[in-house]
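>>> predicted model and sequence below, questions to follow.
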Amino acid sequence: MRISTRIIAIGASVLVATLGLASCSGGGSGGNGSGGGTATEANKPAKLTVAAWMDFPPELIQSFEKKYGIKVVVNKYPDGASAQTVVRNGLSSNGSGLSDVHLIELDSWTETMSVPSDWVTLPAVPDRWVDWKVTQGSVDGKIKGYGTDIGPLGIAYNQDMLSAAGVATDEASFSTFIGGDDATWQSFLDAGRQYVAHSDNYFIDSLSSAFQAAINLLPAAFEDPKSGKPYDMADNAGIKKLFMMFADAAQDHISAGIPIGNADWGAGFQNKKWATVVTPAWMSGIIASNADGVSGWRVSSTFPEGGGNWGGSFFAVPATGKHTAWAVKLADYLTSSDAAIQWFHKNGQFPSQTDAIKSPDIADTKSDFFGGQQLGKIYGDLAAKAGDSAAGGFRGKNFAGIQKLATNGISLVESGAATPQQAWDKVVSDFNALGFDTAKK
């Protein structure tokens, strides 16, 4: 199996550690997080460290080293959850074990920034990013993270499998099949029911993953933006309605129940177990790797509910670092538009930098695996269609953990271990067991 290390952390590595966690305020040479100081020859270090879970473009690191005469060491972790555990432990021990620069995933952002002074305030870089990415990376109006990628949502589909089932033969017919310009989650799931009625394999790899994508489109799925308190799950009518829609489809066996990160995910592509995958831009490269040698995969320009965003990350600088001024310079260098183009070609990460989005190096690049499609243009158009909704809804410090409870419920139905109602009842029960002081929806 060949799953890339750029697997998204759907939840925290340890659920209990994620729920209700607040980081501890740091001290050290970075001061109170108000700024990293000025990078000078006098304070230039011999080495800087950066923590991440994805592969770096070698030429990007080498060019920084050549320009500034500083060795860059990448502390690489297997996934976002592992990297976040290091951050969590470091913040609770006055910065012990932290790197000079850390990559922070969006779903962990609010938890990580619960004490803003733990992180250096970064200088503004006008017009580099789409506006909402800067907003996401700011706390109380102060920039705490420089944006890397965004994850405009698409649907990868195998047109050979769909054609064999007699439901769609190309991009236009697939778009019509799932609802066209008026596509909704309901029309997408109904298309799945139609597909499995004419095929021996599944419509989609995982409905728990698709459910997570649907959650990302909601303005305030689990927590009250004003108080930060979780909504009482039993009274969260919007989530229950969405949950039951996906759970009913799971009960109708349209899903293999194998999400990204599962040990059988790569084998599922090779064995042609499913015909579609909800595919944020960063996942396209992972699919190309895992489905290597399997023909027919394409990415649709149509997405349910108009589109949205799943994932994306930020480079941030711990205030406890010994070299915060130069660490800020490294974070800036790694998130330039030129760097974004290199990240795109290395890992398929779709940029949040406006100049990079418009660059022919991205928009005009053809993917051999996806039949010569210009994925940069497709995902750029999907991001444009999504508009401000691509920023996603409110994510409080308990968002990732509560979301994991909900997606686990869909997995129960997919596995045949529960009916939709039984699964929902367990989600509510597990939520209640956490003892939150809740807000009314």
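Great, that's in hand. Numbering: from 1, shown residues only.
>>> how about the residue nearest to Asp437 when sequence neighbours are not counted, what does it touch?
With sequence-adjacent residues excluded and distances taken as CB to CB, 6 or more residues apart in numbering, Asp437 is closest to Lys229, at 5.9 Å. (Each C-beta comes from the backbone N, C-alpha and C, glycine too.) Counting by CB atoms under 8 Å, 6 or more residues apart in numbering, Lys229 touches 223, 436-439.
>>> repeat the analysis, applying 6 Å as the threshold.
Each residue near Lys229 by CB atoms under 6 Å, 6 or more residues apart in numbering is listed here: 437-439.
>>> so which of those is surrounded by the most neighbours?
Thr438 (20 neighbours; other CB atoms under 10 Å).
>>> what about that one, distance to Glu111?
Taking CB to CB, to the nearest Å as the measure, Thr438 falls 18 Å from Glu111.
>>> ok, back up a step: out of the contacts of Lys229, which is nearest to Val196?
Set against Val196, the nearest of the contacts of Lys229 by CB to CB is Thr438 (38.2 Å).
>>> surely the closest one is in contact with Met233?
No - look at Thr438 against Met233 with CB atoms under 6 Å: they stay out of range, at 8.3 Å.
>>> now do the shared contacts for these two.
Common contacts of Thr438 and Met233 (CB under 6 Å, 6+ apart): none found.
>>> just send the contacts of Lys229 back as CSV, with secondary structure and pLDDT too.
As requested, these are arranged in CSV below (DSSP: H, G, I helix; E, B strand; the rest coil; pLDDT from 0 to 100):
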residue, secondary structure, pLDDT
Asp437, coil, 96
Thr438, coil, 97
Ala439, strand, 95
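>>> now these as CSV including distance to Leu91?
Below are the contacts of Lys229 laid out as CSV (distance: CB to CB, whole Å):
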residue, distance to Leu91
Asp437, 23
Thr438, 26
Ala439, 26
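>>> where does the stretch 201-350 of the chain dip in pLDDT?
Of all residues in the stretch 201-350 of the chain, none has pLDDT under 70.
>>> helices of that one, start to end?
For the stretch 201-350 of the chain, the helices defined by DSSP state H, counting those that start in this stretch occupy 207-216, 237-251, 265-270, 284-290, 324-334, 337-347.
>>> of all the ones you listed, which one is nearest Phe369?
Comparing those under CB to CB, the one sitting nearest is helix 284-290, at 4.1 Å.
>>> which stretches in the stretch 101-250 of the chain count as strands?
Using DSSP state E, counting those that start in this stretch, the strands assigned to the stretch 101-250 of the chain run over residues 101-105, 138-139, 142-143, 146-158, 202-204.
>>> turn those into CSV, columns for distance to Gln421.
What follows is those, written out as CSV (distance: least, CB to CB, whole Å):
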stretch, distance to Gln421
strand 101-105, 33
strand 138-139, 40
strand 142-143, 45
strand 146-158, 28
strand 202-204, 22
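>>> ok, which of those strands comes nearest Gly308?
Closest to Gly308 of these is strand 146-158 (CB to CB; 5.0 Å).
>>> what lines up beside the closest one in the sheet?
strand 274-280 (antiparallel), strand 297-300 (antiparallel), strand 309-316 (antiparallel), strand 350-351 (antiparallel) (DSSP bridges).
>>> for that strand, buried residues please.
Of all the residues in strand 146-158, those buried under the rule 16 or more other CB atoms under 10 Å are 146-158.
>>> go on, stretch 111-128?
Of the residues in stretch 111-128, 111-122, 128 count as buried by neighbour count, 16+ other CB under 10 Å.
>>> now stretch 285-295
Under the neighbour-count criterion of 16+ other CB under 10 Å, stretch 285-295 has 285-291, 294 buried.
>>> most tightly packed of the strands paired with strand 146-158?
Burial of the strands paired with strand 146-158 is given as mean neighbour count (mean count of other CB atoms under 10 Å); strand 350-351 ranks first at a mean of 30.
>>> what's in contact with it?
Under CB under 6 Å, 6+ apart, the answer for strand 350-351 is 149-150, 281, 340, 357, 379.
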